[in-house]
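Q: Below: sequence and its predicted model.
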Amino acid sequence: MGDGQNCDSRSLSYELSGVVVSREEIAYRVAGLGEEITEFYGGDEVTILPVLTGAFVFTADLVRQLSMKIQIDPISVSSYPGTSTTSQGCSFRLPPPENLHNRNVLIVDDIFDSGATMDFLINAVSTTPLTSLRTCALLRKQRDDLPERRNLDFVGFDIRDEFVVGYGLDFDGFFRNLPDICVLRTCK
Ligand code: IMP
Ligand code: MG
C-alpha cells in the first residue's frame, strides 16, 4: 500500500509517494526497542505516557514487547491542527494525570521533528517530582538546521525531513491506518 494513493482534503490534493519504513522494518525495530527499554528499567515499574493520537499504533505494539510492570496514561497535544504542516504551538487536549509523583515516566511519541512538542511535554510533567523521566519516539527527522534539539533516550528510526503518514501518523486526521510509513507530497 502506498504508491500513488490520492486524497483530496479541503480541496488540496495530496499523494502518497513511497514507503519510507515498511511494516516489516517497523516490527523488527519495535521488538529491538522493547528489549532496550526493558533492559534499561531492569524490572522497575514504569508509567508510559503515549502522545495521542499519533502514538497509539506504535504504543500498542511497543508495550507488548516490554516485560516490566507498566501503566499507560495517554496524553494528547494539539500541535499540527488541521492541514497545517508546520508547528502552530502546543496545547493539551488531554493533560497528564496528577498522580505521577515518584514514578518512572516514559513519554512515547510517534515522531520528533522540531522538538517543540517534546519540550512542552517535558516541561509539563516536570512540575511533579518524578523518580525518572525518559523520552521515546518511533521516528526522528533529520533537522541539521536545529543543532540545539534535545537528545531522546529511545529512537526507532532517523528519517529524512519529509512529511510522513501511516502507522498512526496522520495528515488532517487521515492515513493513520496505513501499515507502512509513507511520504505525503502535495500535488501541484
Ligand atoms: P515537533 O513538535 O516539531 O517535534 O513535532 C512533533 C509532532 O508533530 C508529532 O507529535 C506529530 O504529531 C507531528 N508531526 C511532525 N512531523 C510529522 C509528520 O511528518 N507527519 C505527521 N505528523 C508529524
Ligand atoms: Mg503528535
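A: The structure has been received and is ready for your questions. Numbers count the residues shown, from 1 in each chain. Ligands and ions are numbered 1, 2, ... in the order given.

Q: what packs against the top helix by length along the chain?
A: Secondary structure of the chain per DSSP state H: the longest helix is helix 23-41. Contacts defined by 3 or more Cβ pairs under 8 Å, 6 or more residues apart in numbering; DSSP states H and E place helix 23-41 against helix 56-63, strand 132-141, strand 154-159. Just so you know, the C-beta spots here come from the backbone N, C-alpha and C atoms, and that holds for glycine as well.

Q: try 6 Å this time
A: Counting contacts by 3 or more Cβ pairs under 6 Å, 6 or more residues apart in numbering; DSSP states H and E, helix 23-41 packs against helix 56-63, strand 154-159.

Q: and these, which is most packed in?
A: Across the helices and strands packed on helix 23-41, the average number of neighbours (mean count of other Cβ atoms under 10 Å) peaks for helix 56-63, which reaches a mean of 20.

Q: Give me every residue in contact with the helix or strand following that helix, excluding its own residues.
A: Where DSSP states H and E defines the elements, the next helix or strand beyond helix 56-63 is strand 70-72. Strand 70-72 has contacts (Cβ atoms under 6 Å, 6 or more residues apart in numbering) with V46, T47, I48.

Q: redo that, cut-off 10 Å
A: For strand 70-72, the external contacting residues (Cβ atoms under 10 Å, 6 or more residues apart in numbering) are 37, 41, 45-50, 59-60, 62-63, 97, 99, 103-104, 106, 108.

Q: got it, and stretch 31-38?
A: 46, 48, 58, 61-68, 70, 106, 108, 134, 136, 138, 153-157.

Q: buried stuff in the longest helix of the chain?
A: I26, V30, L33, G34, I37, F40, Y41 (16 or more other Cβ atoms under 10 Å).

Q: Out of the helices and strands packed on helix 23-41, the one nearest ligand 1 is which?
A: With Cβ to the nearest ligand atom as the measure, strand 154-159 is the member of the helices and strands packed on helix 23-41 nearest ligand 1 (8.5 Å).

Q: Run me through the strand neighbours of the following helix or strand past the closest one, direction for each.
A: With elements assigned by DSSP H and E, the helix or strand that comes after strand 154-159 is strand 164-165. Using DSSP bridges, the strands paired with strand 164-165 are strand 181-186 (antiparallel).

Q: could I have the partner strand exported to CSV, CA atoms only?
A: Provided in CSV are the C-alpha atoms of strand 181-186 (Å, rounded to 0.1, in the frame of the first residue of the first chain):
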residue,chain,number,x,y,z
ILE,A,181,5.1,4.8,6.9
CYS,A,182,4.9,6.7,3.7
VAL,A,183,5.8,10.1,2.3
LEU,A,184,3.0,12.5,1.6
ARG,A,185,3.6,15.0,-1.2
THR,A,186,1.5,17.9,-2.3
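
Q: just how off-centre is that strand within its chain?
A: Mean C-alpha position of strand 181-186 versus that of the full chain (Cα atoms, centre = their mean, to the nearest Å) differs by 16 Å.
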